[in-house]
Structure formats: C-alpha cells, structure tokens
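Asker: Predicted structure and sequence below. I'll ask about it afterward.
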Amino acid sequence: MPSRRSVLQAATILPFLSGCANPLRGNSSNYSPSGLPLRRVRVSDELVIRTIAGLRPFRRSGFVVKAERMNDKMVVHNYGHGGGGITLSWGTAHLAAELASQSPHKRCAVLGAGAVGLATARLMQDRGWEVTIYSKELTPNTTSNVAGGQWSPTSVYDEGYVTPAFEAQFELAMRHAYRYYQNLVSPAYGVRWISNFLIQSEPPDPEQQDFTEKYIDMYPQHMDLTRDQHPFDADYVRHYNTMLIEPAIYLPQIMRDFYDAGGKVQIREFMDRADVLTLEEPIIINCTGLGSKKLFSDDELIPIKGQLTFVIPQEEVNYIVIGNGGLYMFPRKDGILLGGTFERNEWSLIPDPVETRRILDGHRDFFEKMDDPWA
C-alpha cells in the first residue's frame, strides 16, 4: 500500500513524465511552470504548408452591442470586435442575448456565421428561441477561420477612444467569455489551456500596469521569469496561461451543436439595411462584423489585415510565444501558426510576400537560439 507521501511525490513529477517522449533532459528552464518540456519550433521554407490573410473588424471606440428599433423590427447589434472576435464571442453574445430577450418574441434571425454569430445563435437557442442564421459564408470560409485562436482580447479598441461605459461592458463581456469557454475545454471542441511566454525588450515597468496585470485573475500562473527560468534568448520574459481555441475544430463543432438544437441556416448576402429588414423574423441580431460598415453605415468600422504563415504540425510543441518583435506563434493541430501583421485600412486578402519573409525569418532566428536539449 503506497503511503500518502509517496503518492504526492509521484504526482509532482507526473507532468514531466507525461509530457516527455524522451528521458528528462536539461534543467528547469527547459520546462514550463506546469512541467511540460519546451521544444524548439522547426521553421524553414520547406516546412510551410500555407499562408493566409484575414480582415479584423476594428472600431477605435470598441465593439458595438446595442439594440435599436428599425421599422417593425428590433435589431440587436453585436459586431466590431477587432482581433478579439473568437475570444469575446460568448461574452458579447451573452450581452446581446439579454437585450434580445427583453422582447416577448421567441423567434430571431442571426446575421453572420462566424464565431460571434454562432455563439449568439447558440445562446438564443439555450433560451428557448427558434433561430435561423443568415450568412454569405459558413465555416471554413468565415473570417473566424483565419483567426489565431488564443484566448486574449487583443486589438479590440484604441486607448483614449473608449468611454468608461464601454470599459465596463468590455470587462463584463470578457468575464462571461472566460467562463463560457471553460465549459468547452476538451478535444471535441478544440479548446485547451496552454502556457504563454511574452517576450519583452525591456523590463516590466512597476508603475505601469499592463493588460494581463489588470485582469490577472483571467491569466493564471502569471509570473515574470528570470534568465535561468526559460530557454529563450531573451532577458525579459513573462509567463501566463490562456486557453487556445482551434478554429478548424471549434467552429464546425459549434455549428453541429446549432443544427442539433434545431437551428436553420440560409445562405444569403444582404445588399443594404432595407434588404435586411425584409426578413420575416421580428428580432434580428447583427453579427456581420466588417459587413456592418455597409449594411448599417458604420463609418468608424475599418479592416485591419492580419497575415499568417503555417508550417507543418509539430506535436511536441505545446506553448505560445507572443510579443517577439511583433511576432507570435500558436501551436495548433492544423499547423504551427506564425504571425503576424497589423495593417490598418488594408482591404486586400492577398498575402504580402515581403511580410511572409519577415515572419518566417524572424521566427527561424528566434527559435534557432532557443535552448532545446532534445534537439
């Protein structure tokens, strides 16, 4: 019969053993705070499998969640999430569902089938509503399919352009989303917890609270690492955990959930607001993202182009790197994602070969300098 002490001692080394395909090597700097080995990402032109680009629907003053009357309809807006669409989707969907539920009706149209539209449709179904999604595109052809999927609401608004009311709404949406996604952590939904390493060029400013410090309860295992606590060629590294949502797994699963709950889908492209208002449903929830610029005359809404290059999947890599001179790496089942770009008011979906070169060279140089005793 093993003693309690021996059981506890065994438990402390299980994270190391379970994550190691090879014998334990190196030292503590070669492992994440959770005990998983930190393996080097292999980056070369020969390993590239695709390069894609997408357009983030950005508003300097933040996303829009509000209701308004249009003729005999109530339109609930839920759009303009910038780079935080997947992250915030369940949170702003919750807020939009609360607005829609003030109506005595139980039938609605949801415009858009990206992450925001799907989450909104599912929450309306959970409230007992009959829901039809109207969308020009379905997964895998939505903007959400081009998203990275790290749970962290980045590039959602510009500092100095938001009101205190929006800041409160943003935090509420963020907290709702954080809780909803935890219910989906599983291989079936493609959602998992993962270590993040923020590479910084300067030491943290004790007088300046950054985003993750402001919401530190949603970034567990938050800590600044000394030079001997990580394997990267960097003097200033911060660690925290986030969830990682894999769009290629997550979006089809949410769509299946929508169908299983009796949802209907119609492929349709709307030309203008008048076209939208021809719908039969008394409640319309607008989740069209960048499409709201044309449909609802939102002149503040602009595209921010993001470009990603993928190299072959590398199952041994199980951590995120961000902040590396504007570069970031997410290890997904459909490939190692290497980003990225942030081009305001750029409408082109054609990848820029100059940016592709910068992304590949930057990541290759960074990871070649990483200490990996298994390599």
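Answerer: Yep, that arrived.

Asker: Output stretch 306-321 in CSV with nothing but the alpha carbons.
Answerer: Provided in CSV are the C-alpha atoms of stretch 306-321 (Å, rounded to 0.1, in the frame of the first residue of the first chain):
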residue,chain,number,x,y,z
GLY,A,306,-3.7,40.1,-40.4
GLN,A,307,-1.4,37.7,-42.2
LEU,A,308,-0.4,34.2,-41.0
THR,A,309,2.0,31.5,-42.3
PHE,A,310,1.7,27.9,-41.2
VAL,A,311,4.4,25.3,-41.0
ILE,A,312,3.7,21.6,-40.6
PRO,A,313,2.2,20.5,-37.2
GLN,A,314,4.7,19.7,-34.5
GLU,A,315,3.0,17.8,-31.7
GLU,A,316,6.0,18.2,-29.4
VAL,A,317,5.4,22.0,-29.3
ASN,A,318,2.9,22.9,-26.6
TYR,A,319,3.3,26.6,-25.7
ILE,A,320,2.6,30.0,-27.2
VAL,A,321,5.2,32.8,-27.8
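
Asker: in that stretch, what counts as buried?
Answerer: 306-311, 314, 316-321 (16 or more other Cβ atoms under 10 Å). In this view, the C-beta of every residue, glycine as well, is placed from N, C-alpha and C.

Asker: Of those, which is the nearest to A234?
Answerer: V321 (9.6 Å; Cβ to Cβ).

Asker: who touches Y180 in this structure?
Answerer: Y180 makes contact with W90, G91, H94, A119, according to Cβ atoms under 8 Å, 6 or more residues apart in numbering.

Asker: give me that answer again for 10 Å
Answerer: Residues in contact with Y180 (Cβ atoms under 10 Å, 6 or more residues apart in numbering) are S89, W90, G91, A93, H94, A119, R122, L123.

Asker: same deal with E202?
Answerer: D235, Y236.

Asker: got a pLDDT number for the spatially closest residue to Q229 that is not a sequence neighbour?
Answerer: Distances taken as Cβ to Cβ, 6 or more residues apart in numbering place S29 nearest to Q229, at 5.7 Å, with adjacent residues excluded. On pLDDT, S29 comes in at 96.

Asker: Settle this for me: S29 is touching H239, isn't it.
Answerer: No: taking Cβ atoms under 10 Å as the definition, S29 is not a contact partner of H239, at 11.8 Å.

Asker: hey, what's in contact with both of the two?
Answerer: L225, Q229, H230.

Asker: so which of those residues is the most crowded?
Answerer: Counting neighbours by other Cβ atoms under 10 Å, H230 comes out on top of these with 23 neighbours.

Asker: how about N196, secondary structure?
Answerer: strand (DSSP: H, G, I helix; E, B strand; the rest coil).

Asker: residues in contact with the closest residue to it other than its chain neighbours?
Answerer: Leaving aside its sequence neighbours, N196 sits nearest to I320 (Cβ to Cβ, 6+ apart; 4.4 Å). Counting by Cβ under 10 Å, 6+ apart, I320 makes contact with 148, 150, 152, 194-198, 240-242, 244, 328-331, 337.

Asker: What segments of the protein are helices?
Answerer: Here the chain has its helices, by DSSP state H, at 4-19, 85-100, 115-126, 164-182, 211-214, 247-260, 273-276, 292-295, 353-368.

Asker: Show the contacting residues for the residue nearest the centre of the chain.
Answerer: For the chain, G149 is the residue whose C-alpha lies nearest the centre (Cα atoms, centre = their mean; 3.3 Å). Listed by Cβ under 10 Å, 6+ apart, the contact partners of G149 are 86-87, 115, 190-191, 243-251, 330, 332, 337.

Asker: Kind regards, and thank you for your time.
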